[in-house]
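> Can you look at this prediction? I've put the sequence above it.
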Amino acid sequence: MKVARWHAARDIRVEEVDEPSPGPGQVKIKVAWTGICGSDLHEYLAGPIFIPVDQSHPLSQGKAPITMGHEFCGTVTELGEGVDGLAVGDRVAIEPIFACGDCAACRDGKYNLCENLGFVGLSGGYGGFAAHSVVPARMVHKMPDGLSMEQGALVEPAAVALHAVRLSQIKAGDKAAVFGAGPIGLLVVEALRVAGASEIHVVEPSDIRRARALELGATSAIDPRDSDAVAVIRAATGTGVHVAFEVTGVPAVLPQCVDATTHEGQVLIVSIWEGEAAIQPNYLVLKERQLKGTIAYRNIYPAVMALMEQGYFSAERLVTKRIGLDDIVAEGFEALVAEKSQVKILVEAPE
């Protein structure tokens with residue numbers, strides 16, 4: 001079958017590999033759609049970050065070359081021995097987390113903080129940029145009948161955003177800022193609406209992405225190229241926002257997020273970083289601010305799909321391009337590098 005595999009930075013190849021079969025406790029999926037994630041783009045531009053190269057991942061047993069793609073959905077075509085609660089023909093979204101189940105975080109129910117955390121399509125396994133995938137049955141979530149397959153491919157990134165907002169100290173009526181209006185940033189805007197934020201100020205250089213943020217419910221959309229974003233936010237809110245979400249991975253933005261918060265404010269770092277970033281610790285100390293990180297999600301897919309049924313996290317508003325697997329480099333990864341107007345690009349699986 002045809003897949004897209006990461007070999008090295010700037011080296012993703014569409015290749016033929018053997019079609020997988022499910023083992024005990026596994027499910028085979030005919031992939032429908034897979035989104036290109038910001039994490040995929042980081043791996044393309046500057047990897048390896050998550051991708052194991054020299055040693056196999058301890059849970060997936062995989063290493064480069066890796067079949068990429070972790071934001072995916074499809075239809076169950078085969079059940080491995082011992083799988084129940086699922087049937088051939090079920091439409092499913094994949095929660096692509098490898099977790100050991102035995103470390104302290106896993107025992108605490110926080111499997112996204114596993115000591116050996118990994119992701120299908122990044123750490124090994126059968127990623128979604130393929131005709132078929134095989135995953136453990138525990139990764140499979142049935143989709144409501146009312147959700148399209150395109151919506152299914154957005155469950156994973158929407159889960160990142162909703163988990164970040166849940167993890168923050170935001171309360172109904174609070175004010176928030178979102179630095180970066182890429183796919184995750186825009187989904188954070190919608191999750192903040194769900195949480196009852198009274199003001200949502202978005203900072204983003206792309207004209208099209210700023211307009212999209214306003215369509216999704218942002219109070220304001222600030223272009224940092226022609227104004228002091230922190231000054232604009234502080235003027236609009238009086239003393240700053242209660243929570244600022246960093247969704248860019250750009251080192252210069254992190255101190256701006258801190259400065260945009262009020263006393264006892266919080267900065268939630270949602271991005272995956274390619275390098276280091278610096279802040280002046282006194283900016284935290286003298287205002288008793290908090291700096292917190294968030295990774296992936298846990299126990300949240302059903303809530304995401306329920307919100308999708310209510311109209312949140314809509315594919316119609318977020319998907320800007322649909323391509324075939326053969327075009328994944330030129331029309332997918334390179335388009336995301338060159339065209340900041342792109343939001344979410346979906347890749348349709350080959351037959």
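Cool, the structure landed. Small disclaimer: the values here were computed from a predicted structure and weren't measured.

> Break this protein into its domains for me.
Under the assignment automatic domain parsing, the domains of the chain span 2-154+313-348, 158-293.

> Tell me where the stretch 251-351 of the chain has strands.
261-269, 290-293, 319-324, 344-348 (DSSP state E, counting those that start in this stretch).

> Among the ones you listed, which comes closest to residue 24?
For those, the distance to residue 24 is smallest for strand 344-348, at 29.7 Å, taking CB to CB. In this view, the C-beta of every residue, glycine as well, is placed from N, C-alpha and C.

> for the closest one, packing partners?
If you count contacts as 3 or more CB pairs under 8 Å, 6 or more residues apart in numbering; DSSP states H and E, strand 344-348 packs onto strand 26-35, strand 319-324.

> ok so, going back, kindly compare burial across the strands of the stretch 251-351 of the chain and name the winner.
strand 344-348 (a mean of 24; mean count of other CB atoms under 10 Å).

> Direction included, what does that one pair up with?
strand 26-35 (antiparallel), strand 319-324 (parallel) (DSSP bridges).

> Would you map the helices across the protein?
Ranges of helices within the chain are 38-46, 104-107, 149-152, 155-167, 183-195, 207-215, 229-237, 253-259, 282-285, 301-309, 315-318, 334-338, based on DSSP state H.

> what's around residue 171, how many residues?
Residue crowding around residue 171 was assessed by other CB atoms under 10 Å; the count is 12.

> you'd agree it is up against residue 198?
No. Counting by CB atoms under 8 Å, residue 171 sits too far from residue 198 to count as a contact (9.9 Å).

> between the strands paired with strand 344-348, which gets nearest to residue 14?
That would be, of these and by CB to CB, strand 319-324, which comes in at 9.7 Å.

> quick one: average pLDDT of that closest one?
Strand 319-324 shows a mean pLDDT of 96.

> what does stretch 75-84 give?
97.

> go on, stretch 248-260?
Stretch 248-260 carries an average pLDDT of 96.

> what's the first-to-last distance across that stretch?
For stretch 248-260, the first and last residues are 15 Å from each other (CA to CA, to the nearest Å).

> buried residues in that stretch?
248-249, 253-260 (16 or more other CB atoms under 10 Å).

> Check the offset of that stretch from the chain's centre.
19 Å (CA atoms, centre = their mean, to the nearest Å).

> Report the separation between the nearest residue to residue 23 once chain neighbours are set aside and residue 94.
Excluding its sequence neighbours, the residue lying closest to residue 23 (CB to CB, 6 or more residues apart in numbering) is residue 80, at 5.3 Å. Separation of residue 80 from residue 94 (CB to CB, to the nearest Å) stands at 15 Å.

> Show the contacting residues for the residue lying closest to residue 184 once chain neighbours are set aside.
Distances taken as CB to CB, 6+ apart put residue 247 closest to residue 184, at 5.3 Å, once the chain neighbours are dropped. Residue 247 is in contact with 178-182, 184-185, 188, 270-271, counting by CB atoms under 8 Å, 6 or more residues apart in numbering.

> could you dump the domains of the chain to CSV with distance to residue 299?
Output for the domains of the chain, formatted as CSV (distance: least, CB to CB, whole Å):
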stretch, distance to residue 299
domain 2-154+313-348, 7
domain 158-293, 9
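
> Quick one: closest of these to residue 300.
Using CB to CB, those put domain 158-293 closest to residue 300, at 5.0 Å.

> Any idea how far apart the tips of that closest one sit?
17 Å.

> now do stretch 116-132
By CA to CA, the extent of stretch 116-132 from end to end equals 25 Å.

> Now do it, average pLDDT.
Stretch 116-132 comes out at a mean pLDDT of 97.

> ok so, going back, and the contacts of residue 247 as a markdown table, adding neighbour count and distance to residue 17?
Putting the contacts of residue 247 into a markdown table (neighbours: other CB atoms under 10 Å; distance: CB to CB, whole Å) gives the following:
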| residue | neighbour count | distance to residue 17 |
| --- | --- | --- |
| 178 | 33 | 39 |
| 179 | 29 | 39 |
| 180 | 27 | 35 |
| 181 | 29 | 36 |
| 182 | 24 | 30 |
| 184 | 26 | 30 |
| 185 | 28 | 34 |
| 188 | 31 | 35 |
| 270 | 27 | 33 |
| 271 | 24 | 31 |
